[in-house]
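Q: got a predicted model here, sequence first, then my questions.
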Amino acid sequence: MARTALIAGSTGIVGDNLARHLVGEGWAVHGLARRPGDTPGVAPVAADLTDAASVGAALAGLRPSHLFVTTWMRRPTEAENCAVNGAMVRNLLGALGSAPLEHVALVTGLKHYLGPFEAYGRGALPATPFRESQGRLPVENFYYVQEDAVFDAARERGFGWSVHRPHTIIGFALGNAMNMGVTLAAYASLCRAQGRPFLFPGSPQQWHGLTDMTDARLLARHLAWASTAAAGRDQAFNVVDGDVFRWSWMWERIAGWFGLDPAPYPGHPTLLEAQMADDGAAWAALAERHGLVEPDLARLASPWHTDADLGRPIEVVTDMGKSRKAGFLDYQATDEAFFDLFARLRRENVIP
């Protein structure tokens, strides 16, 4: 059967990788964003999801069989996050009221278990490894609001749903608000160019403890699987690469790819946001010297988000047993995911 996808957030780290995967699988793909990209095979749709009229006008006559929600907006407080992100999902679903939707897939993340930015990794948290059977935290969380909007519409209209909870995502995207891979690539490039120490910015728990991550390409395959397999219908899934590592090991691997010696870990956080605070001019000079495509470091690096992930005071490991039992068996070595990303950034002249 012909399948037609609408991807909300099609230019982001998740949406772009998903769009490329679905096009390769023969889907008809529409990519919605405020400023749609030019991914081959993707029909662009321009809309502001916070504006119900804009969304309604942009989607008039569009009849996707599958909707993938891969976007969100950050606001200063979690109450505001709940309001704006809940409204975006409701506006999107409302504009597709007459579409023959078979499935809606929502991408959230491990803040389902760790709490929102305001209380990230604090308070009473579920035990690791995180499992889907663990319930919601008793705090405001925009992920929960997004889920409820999808659940309510599914009950009313009869389509299937899936929720996908990746860990920190590794993948190619520029101008993305949460992008550890590109942030670390920019940081390493600056350290190499200036002879600065390549210093792990995070907590002792992250340096010594076990963790995992999610390759955006594997997440794309997981989204396609859950939205078409009977075992994925009406389910929430964790999504990680399938390996575990310690940052004390991974930091050395990343340093080696860039030809750097990792600095000794000082035993305490040394935030990237502080380390890179004055690097804008240095990056612009590096970009001019090497002819890089993006001279604005702020469009590449999101040190605040990398600090949040690497500074967590607890070990974070994610269980994938539910997906495995349901039939999704894909695996990705996380160090190779980083290396693939760095190689593409270099090929596309994003880093020197």
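A: On my side now, so go ahead.
Q: tally of neighbours for the nearest residue to A60 once chain neighbours are set aside?
A: Of all residues not flanking A60 in the chain, A95 sits nearest, at 7.9 Å (CB to CB, 6 or more residues apart in numbering). Yep, even glycine has a C-beta here, placed from its N, CA and C like the rest. By other CB atoms under 10 Å, 23 other residues sit near A95.
Q: ok, S65 to G175 distance?
A: 30 Å (CB to CB, to the nearest Å).
Q: so for those two, which sits in the more crowded spot?
A: Applying other CB under 10 Å to S65 and G175 shows that S65 carries more neighbours, namely 20 against 16.
Q: what sits against that one?
A: Shown in contact with S65 (CB atoms under 8 Å, 6 or more residues apart in numbering): A2, R3, T4, A5, P100, L101, E102, H103.
Q: the residue nearest to the spatial centre of the chain pairs with what?
A: Centroid-nearest residue in the chain: I169, 4.6 Å away (criterion: CA atoms, centre = their mean). Listed beta-bridge partners, I169: T214 (assigned using DSSP bridges).
Q: thought it was touching A220?
A: No: here I169 does not reach A220: they are 10.5 Å apart, not a contact under CB atoms under 8 Å.
Q: what about the protein, any weak spots by pLDDT?
A: The chain contains residues with pLDDT under 70 at 1, 177.
Q: hmm, try it at 80
A: Across the chain, the ranges flagged by pLDDT under 80 are 1-2, 119-124, 175-178.
Q: residue boundaries of the strands in it?
A: Along the chain, counting by DSSP state E, strands occupy 4-8, 28-33, 42-46, 66-69, 103-107, 160-166, 169-170, 210-211, 214-215, 235-239, 245-246.
Q: who does the fifth one pair up with?
A: According to DSSP bridges, the neighbouring strands of strand 103-107, each with its direction, are strand 66-69 (parallel), strand 160-166 (parallel).
Q: export these to CSV and append columns for distance to Y113 and mean neighbour count.
A: Shown next, in CSV, are the strands paired with strand 103-107 (distance: least, CB to CB, whole Å; neighbours: other CB atoms under 10 Å):
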stretch, distance to Y113, mean neighbour count
strand 66-69, 20, 28
strand 160-166, 8, 23
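Q: okay if I get those as CSV plus distance to G12?
A: Formatted as CSV, the strands paired with strand 103-107 follow (distance: least, CB to CB, whole Å):
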stretch, distance to G12
strand 66-69, 11
strand 160-166, 12
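Q: so where's the longest helix in this protein?
A: When the chain is parsed with DSSP state H, its longest helix is helix 78-95.
Q: still on that earlier bit, going by neighbour count, which of the contacts of S65 comes out on top?
A: In these, the most neighbours by other CB under 10 Å go to A5, 26 neighbours.
Q: who's in contact with that residue?
A: When contacts are counted by CB under 8 Å, 6+ apart, A5 touches A19, L22, W27, A28, V29, H30, P64, S65, H66, L67, F68.
Q: likewise Y265?
A: Residues near Y265 by CB under 8 Å, 6+ apart: L199, F200, W207, S248, W251.
Q: circling back: could you identify the most distant pair in the contacts of A5?
A: Longest distance between any two of the contacts of A5 is 15.5 Å, between A19 and S65; criterion CB to CB.
Q: okay, helices next: where are they in the stretch 151-300 of the chain?
A: For the stretch 151-300 of the chain, applying DSSP state H, counting those that start in this stretch gives helices covering 180-194, 204-208, 216-226, 247-257, 272-275, 280-290.
Q: those helices into CSV, with extra columns for mean neighbour count and distance to D152?
A: As requested, those are exported to CSV (neighbours: other CB atoms under 10 Å; distance: least, CB to CB, whole Å):
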stretch, mean neighbour count, distance to D152
helix 180-194, 22, 33
helix 204-208, 17, 37
helix 216-226, 24, 20
helix 247-257, 17, 40
helix 272-275, 18, 38
helix 280-290, 15, 44
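Q: can I get those helices in CSV with distance to W72?
A: Shown next, in CSV, are the helices of the stretch 151-300 of the chain (distance: least, CB to CB, whole Å):
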stretch, distance to W72
helix 180-194, 17
helix 204-208, 24
helix 216-226, 15
helix 247-257, 26
helix 272-275, 21
helix 280-290, 26
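Q: out of the ones you listed, which is closest to G9?
A: G9 sits nearest to helix 216-226 of all those, at 12.0 Å, using CB to CB.
Q: what packs against that closest one?
A: helix 13-24, strand 103-107, strand 160-166, strand 169-170, strand 235-239 (3 or more CB pairs under 8 Å, 6 or more residues apart in numbering; DSSP states H and E).
Q: out of these, flag the one nearest P352.
A: Between P352 and the helices and strands packed on helix 216-226, the tightest spacing by CB to CB is seen for strand 169-170, at 20.2 Å.
Q: packing partners for that closest one?
A: Against strand 169-170 (3+ CB pairs under 8 Å, 6+ apart) you get helix 180-194, strand 214-215, helix 216-226, helix 334-347.
Q: where's that strand relative to the chain centroid, distance-wise?
A: Here the centre of strand 169-170 is set off from its chain's centre by 6 Å, with CA atoms, centre = their mean, to the nearest Å.
Q: and if you look at stretch 207-227?
A: For stretch 207-227, the separation from the chain centroid amounts to 9 Å (computed by CA atoms, centre = their mean).
Q: repeat that for stretch 308-315.
A: That offset, for stretch 308-315, works out to 17 Å (CA atoms, centre = their mean).
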